[in-house]
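Visitor: How does the following fold in three dimensions:
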Amino acid sequence: MSPDASTQNSTLAGHLLDQYAGRIARSRRPYLLGLSGLQGSGKSTLAREMKAQAEARGWPTEVLSLDDFYYSRSERDVLAHQVHPLLRTRGVPGTHEIELLMSVLAALPQASDKLPVSYPRFDKGRDTRMPPSKWPRVIRPPRLVILEGWALGVRPQTLAALEEPVNALERGEDADGTWRHWVNKQLRGYQPLWRKLDALIVLQAPNWEVVRRWRSEQEVELLARHAPLAMDAVTMARFLAHFERLSRHALATLPELADTVVEYDDDRHVVALNHS
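Guide: Model prediction:
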């Protein structure tokens with residue numbers, strides 16, 4: 001991260017914590033703050049900075065990533081066989097173990113040495129979960145829980161919106177709409193989780209084309225480091241096509257649902273900050 005980006009992140013994290021400090025202080029249980037942003041928007045980096053600053057304020061904080069709750073590769077292979085081949089690729093609603101995430105959130109207020117709470121870590125390089133022996137363990141109730149994820153807060157699309165494919169992947173591999181209808185139906189099962197959020201912060205990108213560029217830039221860095229399973233441009237384009245439908249839907253609908261919207265320009269500079 002460049003010095004300018006690091007300074008911006010630090011300033012933004014402090015402002016967001018100031019905005020919600022009173023609510024966090026008054027909450028009798030861990031305050032659950034949702035941080036929603038599309039691929040490459042920097043939500044994981046911002047969440048880490050917010051955790052560091054929150055703990056400096058004396059607030060025990062946990063960061064949970066929706067990405068860590070993906071089903072294992074073998075479980076997604078079963079979905080691919082039983083429902084649709086496109087479900088072999090992680091990412092869309094229906095490829096997360098939401099029940100496990102809900103149980104972790106329910107257990108955190110009672111976390112202690114005698115009742116530690118573990119939650120999974122997903123190894124994107126190997127495209128599967130790390131063994132449970134490597135999962136983080138929480139032994140104290142947090143004051144703040146930051147839940148970050150790319151689809152956080154998104155509501156299902158209308159059936160009419162599902163009729164037309166949005167890209168070549170859908171036209172060629174989901175011509176009858178089985179996959180996108182199934183994914184949309186699974187998204188209904190995420191709504192109880194969204195309702196648990198005490199507040200939702202949305203990192204708003206300018207448009208889908210910029211999101212695609214941001215995410216591709218991340219992969220170029222991984223390729224340069226020879227990271228396992230780093231994707232070339234063709235593989236990355238196919239991967240992102242799985243996300244395009246709901247990403248466009250999120251860009252159009254999430255700002256109205258958010259408590260705070262952080263607007264970015266094409267180069268990830270914050271250009272506006274709006275609280276509802």
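Visitor: ok, the residue nearest to Leu203 when sequence neighbours are not counted - contacts?
Guide: Leaving aside its sequence neighbours, Leu203 sits nearest to Gly37 (CB to CB, 6 or more residues apart in numbering; 3.4 Å). All C-beta spots, glycine's among them, are computed from the backbone N, C-alpha and C. With contact set as CB atoms under 8 Å, 6 or more residues apart in numbering, Gly37 has these partners: 43, 148, 150, 202-203, 205.
Visitor: where's Pro30 relative to Leu144, distance?
Guide: 7 Å (CB to CB, to the nearest Å).
Visitor: rewinding a little: which of the contacts of Gly37 ranks first by neighbour count?
Guide: Highest neighbour count within the contacts of Gly37: Val202, with 27 neighbours (other CB atoms under 10 Å).
Visitor: which SS class is that residue?
Guide: Using DSSP: H, G, I helix; E, B strand; the rest coil, the structure places Val202 in strand.
Visitor: residues in contact with the lowest-mean-pLDDT helix or strand in the chain?
Guide: Using mean pLDDT, DSSP states H and E, the weakest-scoring helix or strand in the chain turns out to be helix 208-224, at a mean of 83. Helix 208-224 is contacted from outside by 38-41, 205, 230-233, 236, 240, 244, 247-248, 251, 266, 268, using CB under 8 Å, 6+ apart.
Visitor: switch the cut-off to 10 Å
Guide: Applying CB atoms under 10 Å, 6 or more residues apart in numbering, the contact partners of helix 208-224 are 37-42, 124-125, 150, 166, 205, 227-233, 235-237, 239-241, 243-245, 247-248, 250-251, 264-268.
Visitor: In PyMOL, select just the buried ones from those residues.
Guide: Selection of buried members from these for PyMOL, criterion 16 or more other CB atoms under 10 Å:
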select buried, resi 37+38+39+40+41+42+150+166+205+230+231+236+239+240+241+243+244+245+247+248+250+251+264+268
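Visitor: The contacts of helix 208-224 in strands, which ones?
Guide: Judged by DSSP state E, the subset of the contacts of helix 208-224 located in strands is 37, 264.
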